[in-house]
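Undergrad: Requesting a structural model of the entry that follows:
(one chain, ligands or ions: 2)
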Amino acid sequence: MNNGINEFINMHGEKKYAEIVIFEYNFDKIFHYCIPQDLKERISLGSRVTVPFRGKVTTGCVVGFLVESDVKNLKDIRQIIDKKPLLTPQLIRLTKWISNYYLCSWEKVLNYVIPKTRKAWLNKFDITDISSQKTPQLPEDDKSSDNEIIFSAEEIKEIPILKDIENIINNKKFQTILIRGNDFNSRMKIYLKCIRKTLKEGRQAVILAPTESHLSELAGLLEKEFKDNMVVFDEKIDQKAKYQKWIKIRNSQVNITLGMRSSIFVPFDRLGLIIVEREYSNLYKEERSPRYNAREVALKRAELENIPLILSSETPSMESYWNIQENNFLEAELNTGEERENLLKKTIIDMTQEKSKKKIISYKLQQAISRSLKNKKQVVLFLNKRGFSSFMICSQCGHIPKCPNCNTSLSYHLDVKKRAQLICHNCGKRAKVTDVCTKCGSKEIRPLGMGTQKLESEIRKMFTRAEIRRLDRDSLIKDDDYRKILEEFNQGNTDILIGTQMVLKGVDFNNVDLIGIISADTLLNLPDYRSGEKTFQLLSEVIYSFREISFSKEVIIQTFNPEDHCIIALKEQDYNYFYQKEIELRKELDYPPFTHIIKIVVLGEEKEAVKQRAECLISYLESLRKDKESAEFKLLGAVDMVLWKSRNNFKVQFLIKVKDLERFSKAFKKKYDKMLSKHFDQKNRLTIDVDPVRMI
Ligand SMILES: [Zn+2]
Ligand SMILES: [Zn+2]
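TA: Ligands and ions are numbered 1, 2, ... in the order given. All right, here's what the predicted structure looks like:
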């Protein structure tokens, strides 16, 4: 931490001036105000206050105190809004860190974190006095048990790593444990025990889940034991309910919070444990400003609060597993359920060997579908949602033209005159479309990028008597239809279900004995350096959800690249193999975790205006190279600037690759606001995404 909040916190009693972030002022500026005598006792870090600002009265948040100020003619703070601030000092620091790390204004972060409140609610739900805090409620049977023991001797004998987890929880210091386990129930047992222990210490716990369905799964189990001691922030929560829950938390009426990404900000002041379930999920990333990743924020919060953090995952993110290799995290592996694997057959089909012309459904997959139908079982065919673009693939040898700079597949585009060309989405490199494969000389090289609709018509031609349904965004108009298709399938009225990722949510696999992955290549070749990782995670999830069934079943994966490390690792269910191969690639090409990527997008309706803004931005970035305090960085996409058209907008995208993000960000922020206000507005927008999870 570099922002000196520390000093200010230690200066209670000398609070003469307050540093205030104004909620409606969208730039990175802190304003100074005088603290009137009668407010001195009540004002603290995180207090929301009303202040005079540019001729009117507005609201702000106190982020620091000063004994002296070099600003002349300071105005007085008018009022303090909350009896007790909604944010804790640690949260003030955390939001400051987010603003620096994710390159957005502090105001944006505070606006996002603090629940919106109406005046009328304030009187109704105001925070009770700090002195009247309740002691945490404990489950009855726990009060008498030994203080130090979390896991029994038998449990530790069976899984020795539990001893390490116990030590870390007892230590109460900052340490990250990554639990690798594909069995939700055994993970849950560990969570419960660690939470009980944390509560017994008089401390509080936050549990994060990536999706609504994972959230309700966890809520069901936690509420059995902690119902009156916890709050759940689900997706549908409104601002009023959110505010009420915050008040409960601030009053220590509850000691556990369960929620999705934004629950990492709940204002517990005695936080003792954070758990992040399925840490690899991309849904921990907020796609609107502030574009934070809750996993990274959890890591920072645990560090600031000096408390243990449990991450858990079936297929850990590259970043997290790299941290284990670097000895930053402790690994706890508890894989079980090996015996169930035997009932699951995994078949990889090399599509370059297929005789049929179209090469959509292999002969083997066709046979397997017939067999399932004959056995009165159901089939799920899985095709990932069509990306922004397709790519070229040689159906003889599986060769895919890739960008020499970025190693991601080149996208196949038709320009306005219907001329085809290949473009790299990351750096803008262009290449000609060739008729002949450069690897094997075959003429069978063409764009690949099939939709579920085409797949459906192929399947209908092959299986004329089967009941076939399609589940994707194109085929759905309403939520009702989605539910209806799922219901029909789960009742056994559908023979073959064709779908995208959506089928993973809500499909009952109990009568399914075949899953067909139609094209692993469309997943593997998204123009994204993470495509291998994403494919491995997604298809592992398919395999895990399928494994629970107790009769023999098969997963068939069709690919033109059966030798890809991702495909081999999937077949063997070997995460370590996948990780080793993938991390070598990342290192070679200087991708995260070895660098940070910052995605910058300029968006607007007018082509020339967008181009001009993009050039301003490039020159701003280039000017940073002269700043000795900035870190070295690579700028991709600036030389061969590509203007993409999406709906009514034109878009230019750059990528920055930088090793020392902290140094770079500091230099970047110096004159950023000036550049932003000079060149950008509602019509021509600029978005900055640090550590993006989606490259296009
Ligand atoms: Zn070829
Ligand atoms: Zn490239």
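Undergrad: Where does pLDDT dip in the stretch 201-350 of the chain?
TA: 335-342 (pLDDT under 70).
Undergrad: give me that answer again for 90
TA: Applying pLDDT under 90 to the stretch 201-350 of the chain flags the ranges 213, 235-237, 239-240, 251-252, 314, 333-344.
Undergrad: Now the closest residue to ligand 2 within the stretch 451-600 of the chain: phi and psi?
TA: As assessed by CB to the ion, ligand 2 sits closest to residue 527 within the stretch 451-600 of the chain, at 8.4 Å. Every residue, glycine included, has its C-beta placed from N, CA and C. Main-chain torsions, residue 527, degrees, to the nearest 10: phi -70, psi 70.
Undergrad: For residue 391, see how far away it is.
TA: Using CB to CB, to the nearest Å, we find residue 527 at a distance of 8 Å from residue 391.
Undergrad: what touches both of these two?
TA: Counting by CB atoms under 8 Å, 6 or more residues apart in numbering, the contacts common to residue 527 and residue 391 are 409, 410, 411.
Undergrad: Which ones among those residues lie within strands?
TA: Mapping these onto strands (DSSP state E) picks out residue 411.
Undergrad: Please produce TSV containing the shared contacts of residue 527 and residue 391, extended by neighbour count and pLDDT.
TA: Listed next are the shared contacts of residue 527 and residue 391 as TSV, based on neighbours: other CB atoms under 10 Å; pLDDT from 0 to 100:
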residue	neighbour count	pLDDT
409	26	89
410	25	90
411	26	86
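Undergrad: hmm, back to that, could you find the closest non-adjacent residue to the residue of the stretch 451-600 of the chain closest to ligand 2?
TA: In space, residue 527 comes closest to residue 425 once its chain neighbours are excluded; the distance is 3.8 Å by CB to CB, 6 or more residues apart in numbering.
Undergrad: Go ahead and confirm the one you found touches residue 654.
TA: No - taking CB atoms under 8 Å as the definition, residue 425 is not a contact partner of residue 654, at 11.5 Å.
Undergrad: and the two? which has more neighbours close in?
TA: More neighbours surround residue 425 than the other of residue 425 and residue 654, with 26 against 21 (other CB atoms under 10 Å).
Undergrad: tell me the pLDDT at the more buried one?
TA: Residue 425 carries a pLDDT value of 83.
Undergrad: Check residue 475 too.
TA: At residue 475, the model reports a pLDDT of 62.
Undergrad: neighbours of the residue of the stretch 451-600 of the chain closest to ligand 2, just the number please.
TA: Neighbours around residue 527, by other CB under 10 Å: 22.
Undergrad: And it, how far from residue 655?
TA: For residue 527 relative to residue 655 (CB to CB), the value is 11 Å.
Undergrad: Next up, the contacts around the residue lying closest to residue 596 once chain neighbours are set aside.
TA: Among residues not flanking residue 596 along the chain, residue 661 sits closest, at 4.3 Å (CB to CB, 6+ apart). The contact partners of residue 661, taken as CB under 8 Å, 6+ apart, are 101, 596, 631, 690.
Undergrad: just residue 433 next, same as before
TA: Contacts were defined as CB under 8 Å, 6+ apart; by that measure residue 433 touches 392, 412, 420, 421, 422.
Undergrad: if I look at the residue nearest to residue 596, how far off is ligand 1?
TA: To ligand 1, residue 661 is 40 Å away according to CB to the ion, to the nearest Å.
Undergrad: Confirm residue 556 sits in a strand?
TA: Yes - assessed by DSSP: H, G, I helix; E, B strand; the rest coil, residue 556 belongs to a strand.
Undergrad: Surely it touches residue 514?
TA: Yes - counting by CB under 8 Å, residue 514 is a contact partner of residue 556 at 7.1 Å.
Undergrad: Would you mind grabbing the residues shared as contacts by these two?
TA: Residues touching both residue 556 and residue 514 (CB under 8 Å, 6+ apart) are residue 368.
Undergrad: Point me to the residue of the stretch 201-350 of the chain nearest ligand 1.
TA: Closest to ligand 1 within the stretch 201-350 of the chain is residue 350: 13.4 Å, counting by CB to the ion.
Undergrad: Quick one: name the residues of the stretch 151-300 of the chain near ligand 2.
TA: Residues of the stretch 151-300 of the chain found near ligand 2 (CB under 5 Å from the ion): none.
Undergrad: all helices of the stretch 151-300 of the chain, in order?
TA: Here the stretch 151-300 of the chain has its helices, by DSSP state H, counting those that start in this stretch, at 153-158, 161-171, 184-200, 212-226, 239-250, 294-305.
Undergrad: which strands and helices sit next to the fifth one?
TA: What that stands for is helix 239-250. helix 119-124, strand 230-233 (3 or more CB pairs under 8 Å, 6 or more residues apart in numbering; DSSP states H and E).
Undergrad: one more time with 7 Å
TA: Using 3 or more CB pairs under 7 Å, 6 or more residues apart in numbering; DSSP states H and E, the elements in contact with helix 239-250 are strand 230-233.
Undergrad: Tell me how far the strand it packs on lies from the chain's centre.
TA: Mean-position distance between strand 230-233 and its chain equals 21 Å (CA atoms, centre = their mean, to the nearest Å).
Undergrad: What are the boundaries of the helices in the stretch 451-600 of the chain?
TA: For the stretch 451-600 of the chain, helices defined by DSSP H, counting those that start in this stretch occupy the ranges 452-462, 479-490, 520-524, 531-547, 565-572, 575-588.
Undergrad: which stretch among those comes nearest residue 276?
TA: Residue 276 sits nearest to helix 531-547 of all those, at 15.3 Å, using CB to CB.
Undergrad: Now residue 231: closest residue in space that isn't a chain neighbour?
TA: Distances taken as CB to CB, 6+ apart put residue 245 closest to residue 231, at 4.5 Å, once the chain neighbours are dropped.
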